[in-house]
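> can't give you the sequence, but here's the structure:
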């Protein structure tokens, strides 16, 4: 875990050096909406293929956007990240391949245009039920099970409009498991039968968005949290990266990765046996239709 945190911080601090001439500035009093949305799809079709395999189709839809307003010394920003994907094969049927909703909003006040006294809140969950495939007998997650919310007060360093680092010594992480079956199991760190858990701790958030080369746009967000209890120093990690590579006016290739670690989330092997927490990683590479706004 220490090696992963070191890699994350080196990446986040190195990003601004890619394009010093690509700096963005706020227009006072203006609403600024920007982001990328699109649809990726892939298909495998086989006929008398001697090497084996089977027909398959998959696709996902995604959105990563932000809305910002700068008015005098006040700055308000809201971001929304959402994606949902399915895959289908003859032997395995239809499976969910990716699923997530992330909404965050913050308001800050500055006296020097770089440091902001900031209040921040976020909310994260998923659209539909998730299973420990290939077992579809029992679901292991659902909408609002889990859902996470973090409310915090702190200082944000924002030297440019497209790059920020935020640190809060006063933060509350709330975990919701609004499903009777999953709450009864004590999933996601809640006590069996409970549907809510609150933790007070320290919170860090970093975000960068910029062109790293011609027709290649990067958006990355990092969230870190450690609770002020006996587990202090055990850091929950959520690191998202979206790279959009424009092919032409219509087509685009995207690379989307997510790295997670949460000490309260147990993992399952292929036989459905529960184990302790592990580093989770997801990667989606797709080609499809994309729209930048």
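Nice, thanks for sending it over. Remember, predicted model here, so these are calculated numbers, not experimental data.
> burial count for the nearest residue to residue 98 once chain neighbours are set aside?
Closest residue to residue 98 apart from its sequence neighbours, by C-beta to C-beta, 6 or more residues apart in numbering: residue 85 at 4.0 Å. The way it works is simple: take the backbone N, C-alpha and C, and place the C-beta from them, glycine included. Residues lying near residue 85 (other C-beta atoms under 10 Å) number 21.
> hang on, residue 85 packs against residue 60?
Yes: using C-beta atoms under 8 Å, residue 85 makes contact with residue 60 at a distance of 2.8 Å.
> where do the contact lists of the two overlap?
Common contacts of residue 85 and residue 60 (C-beta atoms under 8 Å, 6 or more residues apart in numbering): 40, 97, 98, 284.
> of the residues you listed, which is the most crowded?
Highest count within the shared contacts of residue 85 and residue 60 by other C-beta under 10 Å belongs to residue 40, 22 neighbours.
> helix or strand: which one has that one?
Element membership of residue 40 [criterion: DSSP states H and E] is strand 31-44.
> try residue 181
With DSSP H and E as the test, residue 181 turns up in helix 180-185.
> can you name the next helix or strand after that helix?
strand 196-213.
> what pairs with that following strand, parallel or antiparallel?
Using DSSP bridges, the strands paired with strand 196-213 are strand 163-176 (antiparallel), strand 216-227 (antiparallel).
> of all those strands, which lies closest to residue 145?
Checking the strands paired with strand 196-213 against residue 145 by C-beta to C-beta gives strand 163-176 as the closest, at 7.4 Å.
> buried stuff in that closest one?
Buried residues in strand 163-176, counting neighbours by 16 or more other C-beta atoms under 10 Å, are found at 163, 164, 165, 166, 167, 168, 171, 172, 173, 175, 176.
> before we move on, back to that, got the contact list for the residue nearest to residue 98?
With contact taken as C-beta under 8 Å, 6+ apart, residue 85 is in contact with 40, 58, 59, 60, 61, 96, 97, 98, 99, 284.
> and those residues as CSV, adding pLDDT and distance to residue 28?
Output for these, formatted as CSV (pLDDT from 0 to 100; distance: C-beta to C-beta, whole Å):
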residue, pLDDT, distance to residue 28
40, 88, 37
58, 87, 45
59, 87, 41
60, 90, 38
61, 92, 35
96, 89, 44
97, 86, 43
98, 88, 38
99, 91, 38
284, 84, 38
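> quick one: which of those residues is nearest residue 244?
Using C-beta to C-beta, residue 40 comes nearest to residue 244 of those, at 10.9 Å.
> relative to residue 212, how far out is the closest one?
Separation of residue 40 from residue 212 (C-beta to C-beta, to the nearest Å) stands at 20 Å.
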